[in-house]
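Visitor: Can you look at this prediction? I've put the sequence above it.
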Amino acid sequence: MAERETILVVDDNFDNVEILRMFLEAQGFTVVEAPDGQTALAKLDETRPDLVLLDVMMPGMDGWQVCRTIKNHPTLADTRVVMVTAKGAFEDKFEGMRSGADDYLVKPVDLKELKTKVERNLAAREKKG
C-alpha cells in the first residue's frame, strides 16, 4: 500500500483546524497541525508535508509571510501551499499568489472544493516531482 500523504494545516482557530483535520483524515491523509507561522515552519522542516493548508490572519507571522518563507527556502520551495482564509477579495487573492501560493480557498470552506483543490495540488506535485 502506498504511503499516506501528509498535509500540514496551519490555523490559529482550533475549530477550523478540527474541521479540516477530521475531513482530511476521513479522506485517508495524515494531518499535522500548527497554530501559527513559526510552529508551521518548524513542522515543515520536521515532517516535509506533501501539502500545506495555510491561514492568512494569524498572530506573529501572517500566512503571506509564511508562504514567502516556504517558497524562498532552498529545500522547501517545491512544497505546495493553498491559502485557506476568510480574506476573499481580489486584492487578497492577488497577494496570496504574489506570496507564492499555489492555490486559494475562501472560508467558510466548501468541503467539495477543498477536496478538489487538495487532489489537484497533490497531483501537480507528483507530476513535478
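Guide: Alright, I've got the coordinates.
Visitor: Tell me the secondary structure at the residue nearest to the spatial centre of the chain.
Guide: Nearest to the mean C-alpha position of the chain, by CA atoms, centre = their mean, lies residue 53 at 1.7 Å. Secondary structure state of residue 53, per DSSP: H, G, I helix; E, B strand; the rest coil, is strand.
Visitor: Output the below-cut-off pLDDT ranges for this structure.
Guide: 1-2, 128-129 (pLDDT under 70).
Visitor: For the residue lying closest to residue 42 once chain neighbours are set aside, give the beta-bridge partners.
Guide: Sequence neighbours aside, residue 34 is the residue nearest to residue 42 in space, at 7.9 Å (criterion: CB to CB, 6 or more residues apart in numbering). The way it works is simple: take the backbone N, C-alpha and C, and place the C-beta from them, glycine included. Under DSSP bridges, the beta-bridge partners of residue 34 are residue 10.
Visitor: Pretty sure residue 34 sits against residue 14.
Guide: No. Assessed by CB atoms under 8 Å, residue 34 is found out of contact with residue 14, at 12.0 Å.
Visitor: quick one, which of the two is more surrounded?
Guide: Each of residue 34 and residue 14 has its neighbours counted (other CB atoms under 10 Å); residue 34 has more, 24 against 10.
Visitor: Let me see the contact set for the more buried one.
Guide: The contact partners of residue 34, by CB atoms under 8 Å, 6 or more residues apart in numbering, come to 8, 9, 10, 40, 42, 43.
Visitor: One more: residue 113?
Guide: By CB under 8 Å, 6+ apart, the neighbours of residue 113 are residue 105.
Visitor: That one: which element?
Guide: helix 111-128 (DSSP states H and E).
Visitor: Buried residues, that helix. List them.
Guide: Neighbour-count burial for helix 111-128 flags 114, 117, 118, 121, 122, 125 (criterion: 16 or more other CB atoms under 10 Å).
Visitor: Stretch 57-69 now?
Guide: Quick answer for stretch 57-69 (16+ other CB under 10 Å): 58, 61, 62, 63, 64, 66, 67, 68, 69.
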